[in-house]
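*Asks:* Have a look; sequence and predicted model below, questions after that.
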Amino acid sequence: MDPTGQQFEIAAGGVRAVVTEVGAGLRSFTVGGVPYVETYEAGQRPPRGSGSLLAPWPNRVAGGRWTWEGTPQQLALTEPAAGNAIHGLLRHVLWEAEPDSESVRLTAVAPPQPGWPEPVRVAVRYTVGYEGLTVTTVATNLGEWPVPFGLGFHPYLRAGDAGTDDSTLRLAATTELPLEAQLPAGPARPLAGTDPRRAGLPLRGASLDSAFGGCEPDPVDGRVRHTLTAPDGSGVALWADPDFRWVQVFTPEDFPGRGRAVAVEPMTCPPDALNSGTDLIVLEPGKAWTGSWGLSPISATA
């Protein structure tokens with residue numbers, strides 16, 4: 001079988017996306033044939049976590065160890081070189097899909113297992129339309145006791161046909177979390193309004209694998225919004241509900257077929273949140289949480 005399973009193409013007018021059965025990941029998103037995320041060939045595993053859905057926690061858990069309601073937990077070390085657990089439990093499982101022409105809904109359950117105490121069902125719907133792409137996730141606690149939950153996504157953004165080094169990144173974040181070996185190394189530090197990450201960071205020469213927090217919603221529509229733009233002002237906006245208070249930015253040099261790339265990863269909580277408790281969502285038995293994010297093209301500046 002294809003390493004990412006069945007491919008679900010959804011389209012409305014010139015807006016098109018492809019979503020994968022394995023991992024419920026976003027493989028491509030184009031508008032009028034212009035790409036706004038990095039993609040990869042069919043038959044490949046997602047390179048560098050491209051498009052992955054990260055649940056029931058995003059990012060890393062130090063040593064895979066954490067404690068819940070007084071009980072120590074030990075997760076499988078899915079980042080073996082660093083000795084951490086990374087990006088949840090659902091990236092490599094088959095999801096049950098319900099596709100139609102303009103959307104696809106996929107569902108999977110993270111069952112109780114070593115290191116994870118209660119079953120959580122995650123349902124995600126990808127929808128294309130005039131605004132672009134909307135991704136809505138519902139997480140439900142199927143167990144008998146409360147359970148923590150965090151969510152993230154791992155798209156690599158593109159400002160259309162512009163190169164990564166010719167693009168400018170702007171974040172809605174107001175803080176940066178210091179990291180050592182990609183784990184928190186102290187409290188979040190404020191970002192000044194003039195900081196390039198907020199005011200506009202040219203990506204040429206920038207090297208980031210950084211966690212930013214305090215993402216502020218736009219006062220007009222109440223959405224957190226990060227942008228990646230080309231020199232002519234065109235590009236893509238990644239918007240998210242206010243629960244997505246965090247964003248990880250990663251600039252690898254070796255994305256297949258692209259070279260330099262930039263991941264802009266909306267997250268509801270920071271790295272190692274299962275230990276710190278920072279911005280964790282707690283799902284009560286039988287209760288659900290819903291959150292949305294999406295991608296919208298930005299037109300060139302007149």
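*Replies:* Arrived safely, thanks for sending.

*Asks:* Look at Gly235 and say how many residues are nearby.
*Replies:* Look at Gly235: counted by other C-beta atoms under 10 Å, it has 24 neighbours. Every C-beta, even on glycine, is put in place using the N, C-alpha and C of the backbone.

*Asks:* give the contact list for it.
*Replies:* Gly235 makes contact with Ala159, Gly160, Ala162, Ser167, Thr227, Leu228, Thr229, Pro297, Ile298, according to C-beta atoms under 8 Å, 6 or more residues apart in numbering.

*Asks:* Just the element for the fifth one, please.
*Replies:* This means Thr227. strand 224-229 (DSSP states H and E).

*Asks:* Please list the outside residues in contact with that strand.
*Replies:* Against strand 224-229 from outside (C-beta under 8 Å, 6+ apart): 157-159, 167-172, 215-218, 235-242, 244-245, 247, 262, 264, 266, 298.

*Asks:* most neighbours, which of the contacts of Gly235?
*Replies:* Compared across those, Ala159 has the highest neighbour count, 28 neighbours, by other C-beta under 10 Å.

*Asks:* Which element, helix or strand, includes that residue?
*Replies:* Using DSSP H and E, Ala159 sits in no helix or strand.

*Asks:* likewise Ala17?
*Replies:* Following DSSP H and E, one finds Ala17 within strand 15-20.

*Asks:* Strand 15-20 and whatever helix or strand comes next after that strand, what's the angle between them?
*Replies:* Using DSSP H and E, the helix or strand that follows strand 15-20 in sequence is strand 26-31. If you take axes from the mean of the first three to the mean of the last three C-alpha atoms, to 10 degrees, strand 26-31 sits at 180 degrees to strand 15-20.

*Asks:* List the buried residues for the helix or strand encompassing Asn275?
*Replies:* Taking DSSP H and E as the criterion, Asn275 maps to helix 273-276. Across helix 273-276, burial judged by 16 or more other C-beta atoms under 10 Å covers Ala273, Leu274, Asn275.

*Asks:* Report the two of the contacts of Gly235 separated the most.
*Replies:* Using C-beta to C-beta, the pair of the contacts of Gly235 lying farthest apart is Ser167 and Pro297, separated by 13.9 Å.

*Asks:* Give me the contacts around the helix holding Asn275.
*Replies:* Contacts for helix 273-276 (C-beta under 8 Å, 6+ apart): 57, 59, 61-62, 65-68, 73, 148, 150, 184, 270, 279-280.

*Asks:* And stretch 25-36, by the same measure?
*Replies:* So stretch 25-36 is contacted by 4, 7, 14-20, 37, 39-40, 46, 50-53, 91, 126, 132-133, 135, 153-155, 157-161, 236, 295, 297 (C-beta under 8 Å, 6+ apart).

*Asks:* which among those end up buried?
*Replies:* Buried among these by 16+ other C-beta under 10 Å: 4, 15-20, 37, 39-40, 46, 50-53, 91, 126, 132-133, 135, 153-155, 157-160, 236, 295, 297.

*Asks:* So which of those residues sit within strands?
*Replies:* Under the assignment DSSP state E, the buried ones among the contacts of stretch 25-36 contribute 15-20, 52-53, 126, 132-133, 135, 153-154, 157, 236, 295, 297 to strands.

*Asks:* what about the residue lying closest to Pro196 once chain neighbours are set aside, distance to Tyr36?
*Replies:* Spatial nearest neighbour of Pro196, excluding adjacent residues (C-beta to C-beta, 6 or more residues apart in numbering): Pro202 at 7.7 Å. Look at Pro202 and Tyr36: by C-beta to C-beta, to the nearest Å, they are 19 Å apart.

*Asks:* So those two - more neighbours on which side?
*Replies:* For Pro202 versus Tyr36, neighbours defined as other C-beta under 10 Å are more numerous around Tyr36 (26 against 13).

*Asks:* List the single closest residue to that one in space, sequence neighbours excluded.
*Replies:* Per C-beta to C-beta, 6+ apart, closest to Tyr36 is Val236, 4.3 Å.

*Asks:* Bridged to that neighbour, which residues?
*Replies:* Taking DSSP bridges, one obtains Leu228, Pro297 as the residues bridged to Val236.

*Asks:* Pull the contacting residues for it.
*Replies:* Listed by C-beta under 8 Å, 6+ apart, the contact set of Val236 reads Tyr36, Val37, Leu157, Arg158, Ala159, Gly160, Thr227, Leu228, Leu295, Ser296, Pro297, Ile298.

*Asks:* now with 10 Å?
*Replies:* By C-beta atoms under 10 Å, 6 or more residues apart in numbering, Val236 lies in contact with 29, 31, 34-37, 132-133, 155, 157-160, 167, 226-230, 264, 295-298.

*Asks:* try Ala240
*Replies:* Contacts for Ala240 (C-beta under 10 Å, 6+ apart) come out as 135, 153, 172, 215, 217, 223-226, 246-247, 266-268, 291-294.

*Asks:* That's all I had, so thanks and see you.
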